[in-house]
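Novice: Quick one: sequence plus predicted model below, questions after.
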Amino acid sequence: MSTLHTVNKSPFDRRALESCLRLATKGSAVLLFEDGVYGAMKGTEKSAIVEKALGDVSIYVLGADMKARGVDTSKLIDGIKVVDYKGFVDLTVENDKVNAWL
Amino acid sequence: MSDIKKFMYINTKAPYGTIYAWESLEVVLIGAAFEQEVSMAFIGDGVYQIAKGQDTSDLGVKNFSPTYSALGDYDVNKIYVEKESLEARGLTLDDLLGLKYEDEDDDWAEKDSIRVVSSTELAEILEQQEVVFSF
Amino acid sequence: MKFGIQINEGPYNHEASVSALNFVRAALDAGHEIFRVFFYHDGVNNGTRYTTPPQDDINIVNSWSELAEKHNLDLVVCVAAAQRRGIVDEGEQERNGKDGNNIAPGFRISGLGQLIEAGIQSDRLVVFGD
């Protein structure tokens, strides 16, 4: 079994990203989209927990939501992969289920 | 495909401030008729949904907390509460509703529905699910 | 693969509905099937044809209706959530004695069992919300 976790909240406003990373098992995939993309940026007070999680889970970020918010790929934490909506769909197929952290 | 799936309802929001808690409970009650293998998880502010002593009389809105006590009659008796979420909010099991169910496999003995589990245990439980509803 | 989609938020106030639209389009493009889109909580507000956004803005309700027509999608608005928020079809208009209805083309109002059924019948349930 494997899970795609989705996080659509800014980690500076809500706890969804932290709950997700605390409760995602090793080998899970995490997709940051909508305001969740702010959690993918390096040099923030939340970057360390995301960098640490990268050892156990794969983290993806939705390019369309980054672009809308003016978040450039160069600002991403190393190891986070950018996907488009097709990539989002593929992640839901590759994993057995989707857990949305609302 | 097996007809019975492992359903997990995840609750992460406090009651009354928004309607999510009440409307998600409605889903669980309706869903019970479909006889799936159902669990609920209360995480983050979701733990406030099942706090004791709720009284909405001064608000003039419906107090739906007694409805959680009916879950046992609907065969919804695997109710997981994350220990870390409780502790972060200064709560213990004693602060939560005493939700019970009658165990048909054990001569209808009355048992507690709420299971306080660590985040490591809850992560494993979530991993075993097949369908996750979030509200 | 068969997808069930749950949308918890209304259009415009929250990105959830637009995210779901884009996800559904991408899934259909990739050859997947959408078993059902279920609108819950304020998500039921996606189903009113009285929406009139400015011309330079996306018309989210029409986008759903057009997508539903093109791909024969099953767009289901939760009846209990719809009654609270004033989303009405002809049947609800009659049952509750309302002076009109506002359901958009391609949407239908039905019970929460439709969401549970989507969970059972779909290979994946994807939830968009707040």
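Specialist: Nice, thanks for sending it over.
Novice: Pull the contacting residues for residue 10.
Specialist: I went with chain A, as the question did not name one. By CB atoms under 8 Å, 6 or more residues apart in numbering or on different chains, residue A:10 lies in contact with A:35-36, A:38-39. Placement of C-beta: from N, CA and C, glycine included.
Novice: wrong one, I was asking about chain C
Specialist: By CB under 8 Å, 6+ apart, the contact set of residue C:10 is C:17, C:42-46.
Novice: Which helix or strand contains it?
Specialist: Residue C:10 is part of no helix or strand, with elements assigned from DSSP states H and E.
Novice: So in terms of bridging, what pairs with the spatially most central residue of chain A?
Specialist: The structure's chain A has its C-alpha centroid closest to residue A:32; by CA atoms, centre = their mean the separation is 3.0 Å. Judged by DSSP bridges, the bridge partners of residue A:32 are residue A:7, residue A:61.
Novice: where do the strands sit along chain A?
Specialist: Using DSSP state E, the strands of chain A run over A:3-7, A:29-32, A:58-62, A:81-83, A:97-101.
Novice: And the contacts of the first one?
Specialist: Strand A:3-7 has contacts (CB under 8 Å, 6+ apart) with A:16-17, A:20, A:24-25, A:28-33, A:36, A:39, A:57, A:91-92, A:94-101, B:126-127, C:126.
Novice: now, the most widely separated pair of the contacts of residue C:10?
Specialist: C:17 and C:44 (11.0 Å; CB to CB).
Novice: Quick check, residue A:1 in contact with residue B:128.
Specialist: Yes - here residue A:1 lies in contact with residue B:128, judged by CB atoms under 8 Å, at a distance of 6.7 Å.
Novice: More neighbours: which of those two?
Specialist: Under the criterion of other CB atoms under 10 Å in any protein chain shown, the comparison of residue A:1 against residue B:128 puts residue A:1 first, with 14 against 11.
Novice: In contact with the more buried one, which residues?
Specialist: Counted by CB under 8 Å, 6+ apart, residue A:1 has contacts A:96-97, B:127-128.
Novice: how about a cut-off of 6 Å?
Specialist: When contacts are counted by CB atoms under 6 Å, 6 or more residues apart in numbering or on different chains, residue A:1 touches A:96, B:127.
Novice: Close to chain A: what parts of chain B are there?
Specialist: Residues of chain B that fall close to chain A, judged by CB under 6 Å from any CB of the partner chain: B:43-44, B:119, B:122-123, B:127, B:132, B:134.
Novice: now, which of these lie close to chain C?
Specialist: residue B:134.
Novice: Greatest separation within the residues of chain B next to chain A: which pair is it?
Specialist: The widest separation within these (CB to CB) is 18.5 Å, between B:44 and B:127.
Novice: Mind checking which of those two has more residues around it?
Specialist: Per other CB under 10 Å, whichever of residue B:44 and residue B:127 has more neighbours is residue B:44, with 23 against 19.
Novice: Check whether that one really touches residue B:84, as I assumed.
Specialist: No - using CB atoms under 6 Å, residue B:44 makes no contact with residue B:84, being 9.6 Å away.
Novice: ok, so what distance separates residue B:67 from residue C:95?
Specialist: Taking CB to CB, to the nearest Å as the measure, residue B:67 falls 25 Å from residue C:95.
Novice: can you check residue B:135 too?
Specialist: Going from residue B:135 to residue C:95 by CB to CB gives 27 Å.
Novice: Show me which residues of chain C are close to chain A?
Specialist: Neighbours of chain A within chain C, by CB under 6 Å from any CB: C:1, C:15, C:22-23, C:26-27, C:30, C:124, C:126-127, C:129.
Novice: go again using 7 Å as the cut-off
Specialist: By the rule CB under 7 Å from any CB of the partner chain, the part of chain C lying against chain A is C:1, C:15, C:19, C:22-23, C:26-27, C:30, C:32, C:124-127, C:129-130.
Novice: Using neighbour counts, trim those to the buried set.
Specialist: Neighbour counting with 16 or more other CB atoms under 10 Å in any protein chain shown marks C:15, C:19, C:22-23, C:26-27, C:32, C:124-127, C:129-130 as buried within the residues of chain C next to chain A.
Novice: Now the two most distant members of those residues.
Specialist: Using CB to CB, those reach their maximum pairwise distance at C:32 and C:130, which is 25.3 Å.
Novice: How about the residues of chain C by chain B?
Specialist: C:8, C:40-41, C:80-81, C:112-113, C:115-116, C:119-120, C:125, C:127, C:129.
Novice: Please name the residues that touch the nearest residue to residue A:81 once chain neighbours are set aside.
Specialist: Nearest residue to residue A:81 in three dimensions, chain neighbours excluded: residue A:60, at 5.1 Å (CB to CB, 6 or more residues apart in numbering or on different chains). By CB atoms under 7 Å, 6 or more residues apart in numbering or on different chains, the residues touching residue A:60 are A:29-31, A:80-81, A:83, A:91.
Novice: From residue B:83, how far out is residue A:60?
Specialist: The gap separating residue A:60 from residue B:83 is 29 Å, by CB to CB.
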